[in-house]
Every structure is written in C-alpha cells, then in structure tokens.
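Student: How does the following fold in three dimensions:
(chains A, B, C and D)
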Protein chains: 2
Amino acid sequence: MISTRGRYALRVMLDLAENDSDKYIPLKDIAERQEISKKYLEIIVKDMVTGGLIAGTSGKGGGYKLTRAPHDYTVGEIIELMEGSLSPVACLADKGYACTRKKVCQTLPMWEEFDKLIHDFFYNKKLTDLIN
Amino acid sequence: MISTRGRYALRVMLDLAENDSDKYIPLKDIAERQEISKKYLEIIVKDMVTGGLIAGTSGKGGGYKLTRAPHDYTVGEIIELMEGSLSPVACLADKGYACTRKKVCQTLPMWEEFDKLIHDFFYNKKLTDLIN
DNA sequence: CAATTAACCTATTGACATGGTAGGTAAATG
DNA sequence: CATTTACCTACCATGTCAATAGGTTAATTG
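Tutor: Down below sits the predicted model:
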C-alpha cells in the first residue's frame, strides 16, 4: 500500500514539472492546486529536499523547484525515497533482515519475483510519462 | 506491503496442500513446522475458515484441511481474502471511495495500471506453483 | 461417562505508522 | 523594516500490526 507520503510527493513533482522549471514555486500554490493541506505537505516536501529531489529557498520569490530536468526522474526513485522501500514483504524490505527459514521458504521465490516486477514497473516509468 | 496475515495464511495453505489432503491436520503441527506461534495462527486460520478456504473440525482427530484441490487455489484469492484488498492505493482499494479529483488526477492511470499488474500476477499464480 | 484433544471465542497489550495540527523561527527580498 | 516563505519542533488522535492470555465448546476414544 502506497501511503500519502509517496502519492503526495509524486503530485508535488508533477506540479513542479508543469509549472515551469526555473522559477521557485511557493508551497502555498502547490497545496492549493493539489488540494492538499499545506502544513502536511511541509513535512513531505522537507524530506524531498533532504533526498535531493527538489531544492527550496526562503523569502519573497522563494519556494521549491526541481533539481533536474523532469524527464530525468523516474517514478521509482520518488516513491522509494518517500516510502523507504518498494519491497512488498518485510524480509526483502530491510537489507539486514536475517530470516532463518530463507533456505526452506517456499514463498520467497514468489516474493522475489513480485519484488522485481514492482521495481521494474516504477523504475521504467519516467515522471514525464504521467504528463499527458 | 503484505502483512503476516497474508503471508502466514499462504504458508498454512501450502502446509495443508503438502501434508496430504483428506486428513485433518491439527494447527499445533502446522505451527511447529512453520515456526509460527500457534496462538497467533488461530486468529488467521479462523478467518480462512470463514472465508471458505479451509474447513476445521474440533476434538480428537480434528484440525484443518483444504476445501478444494490444491491446484484449484490461486495465490491471489488467498492474499486478497486475508489482506482485504490487493490494491496499492486507497482510492482503488475501497470500492466506495469517491475522489473529487478523479477526473483531473494525473497519477490515477498509473495506479490503475499497477493495480492490474498486481492482480494479474497473483491470480495467475496457483498454490501448486509454489510447491517445488 | 470421563478424559483428552483440538478448535473456537473474547479480551488485552505494546509498539509503531499514518495523517495530520499548532505555533514559532530563520532567511530572503523589496 | 515589513513581508513572504521556507524551515523547525512538538504534539496528537486514530488505527493497524503482531501478538499473548485464558477460557469455552465440540468431538473422539478408552
């Protein structure tokens, strides 16, 4: 289940991609267009800055903008950054997970196959693919 | 993220499929083989009975067994029953969800595409596909 | 009938995530 | 200096997850 963190982040990215790049776009505008609470978006957007997806600047004329060209982002990197992991099961999500049943688990191969499917789906999808 | 409910349920199904069908298998045995708390499995298994996946009978010689032939189950129906939904986003998971942005949402088509991918993956996978 | 086995039922718990809200501080610009 | 806007800290209510605990009912067997 993809939470609002990932979904809202994606919409912020799309909003920035569409509302021309070089200018800084204030969060207030994005929140209004996207009909999302600005206060809540602040939390999400902060992590997007930390993760290097976007850049922010304070003061008049400030706001947020993309750090790269829109076609240079994959949906996968955005979702993965915000959700922590794309993996569908705990044993694949945390790298350091040591399952004692790893060798005998009959379900693991399926989870691995599913994991790859998800990964490929999102990493082969560019941000710009979502814009008409 | 698939929770233990779905994952454990699947392992119970596999255990029943392998430990020959017509006999009732006590939960204690399954719990020991699968290394899962019997008490916790009780909760899960109860829902599997309610959902019609398996049948249980009390008393000596009792336990659980499949209600159909192993090759007649898809992984999809098992996971979906236990998790409530296979959908990756809230707006697709609950049928009665009325999103006001449905017509303008730029991300919805992608979620629908992803939803279909997940559904097809799990419903085209038989329980018996996981046994060797 | 009594003992045993095993499912079934109800309640509770601790930890964590989700989806926010509230209020204040720092920085940039005119 | 006033305004704008990002940034920071703290808090909270609700829900889910993953169990645990203890008791009751049902079926079989000696």
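Student: Helix, strand or coil: sort out the closest residue to DNA strand D within chain A for me.
Tutor: Residue nearest to DNA strand D within chain A: A:Gly56 (3.0 Å; CB to the nearest atom of the strand). C-beta coordinates here come from the backbone N, C-alpha and C atoms, glycine included. Secondary structure assignment for A:Gly56 (DSSP: H, G, I helix; E, B strand; the rest coil): strand.
Student: can you pull the contacts of the nearest residue to A:Thr128 once chain neighbours are set aside?
Tutor: Spatially, and ignoring its direct neighbours in sequence, A:Thr128 is nearest to A:His71 (4.5 Å; CB to CB, 6 or more residues apart in numbering or on different chains). A:His71 makes contact with A:Lys126, A:Leu127, A:Thr128, according to CB atoms under 8 Å, 6 or more residues apart in numbering or on different chains.
Student: separation between A:His71 and B:Pro70?
Tutor: In this structure, A:His71 and B:Pro70 are 48 Å apart, going by CB to CB, to the nearest Å.
Student: can you give me the helices for chain A?
Tutor: Assigned by DSSP state H, the helices in chain A fall at A:4-18, A:27-34, A:38-50, A:75-83, A:90-93, A:108-123.
Student: Check whether the longest one comes near chain B.
Tutor: If I follow you right, that is helix A:108-123. Yes - Helix A:108-123 is in contact with chain B by CB under 8 Å from any CB of the partner chain, via A:Pro109, A:Met110, A:Trp111, A:Phe114, A:Leu117, A:Phe121.
Student: I'd like the residues you listed as a markdown table, with neighbour count appended.
Tutor: Compiled in a markdown table, the residues of helix A:108-123 next to chain B are given as follows (neighbours: other CB atoms under 10 Å in any protein chain shown):
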| residue | neighbour count |
| --- | --- |
| A:Pro109 | 11 |
| A:Met110 | 18 |
| A:Trp111 | 19 |
| A:Phe114 | 21 |
| A:Leu117 | 16 |
| A:Phe121 | 17 |
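Student: how far away is the residue lying closest to A:Ala31 once chain neighbours are set aside from B:Cys105?
Tutor: Closest residue to A:Ala31 apart from its sequence neighbours, by CB to CB, 6+ apart: A:Lys38 at 3.8 Å. Here A:Lys38 is placed at a distance of 19 Å from B:Cys105 (CB to CB).
Student: How about A:Ile78?
Tutor: On the measure of CB to CB, A:Ile78 and B:Cys105 end up 16 Å apart.
Student: likewise A:Ile131?
Tutor: From A:Ile131 to B:Cys105 the distance is 13 Å (CB to CB).
Student: just A:Lys126 next, same as before
Tutor: From A:Lys126 over to B:Cys105 the distance is 18 Å, taken as CB to CB.
Student: how distant is the worst-scoring helix or strand of chain A on mean pLDDT from the center of its chain?
Tutor: For chain A, scoring each helix and strand by mean pLDDT, DSSP states H and E identifies helix A:90-93 as the least confident one, at a mean of 93. Distance, stretch centre to chain centre, for helix A:90-93: 19 Å (CA atoms, centre = their mean, to the nearest Å).
Student: Is there proximity between stretch A:81-95 and chain B?
Tutor: Yes - Stretch A:81-95 comes into contact with chain B (CB under 8 Å from any CB), by way of A:Ser87, A:Pro88, A:Val89, A:Ala90, A:Ala93.
Student: Now do that stretch: distance from first to last residue.
Tutor: 15 Å (CA to CA, to the nearest Å).
Student: for stretch A:60-78, same thing?
Tutor: Taking CA to CA, the first and last residues of stretch A:60-78 lie 28 Å apart.
Student: buried set for that stretch?
Tutor: A:Gly63, A:Tyr64, A:Lys65, A:Leu66, A:Pro70, A:Tyr73, A:Thr74, A:Val75, A:Gly76, A:Glu77, A:Ile78 (16 or more other CB atoms under 10 Å in any protein chain shown).
Student: ok, now stretch A:6-25?
Tutor: So for stretch A:6-25, counting by 16+ other CB under 10 Å, buried means A:6-17, A:24-25.
Student: Right, I'll call it a day here.
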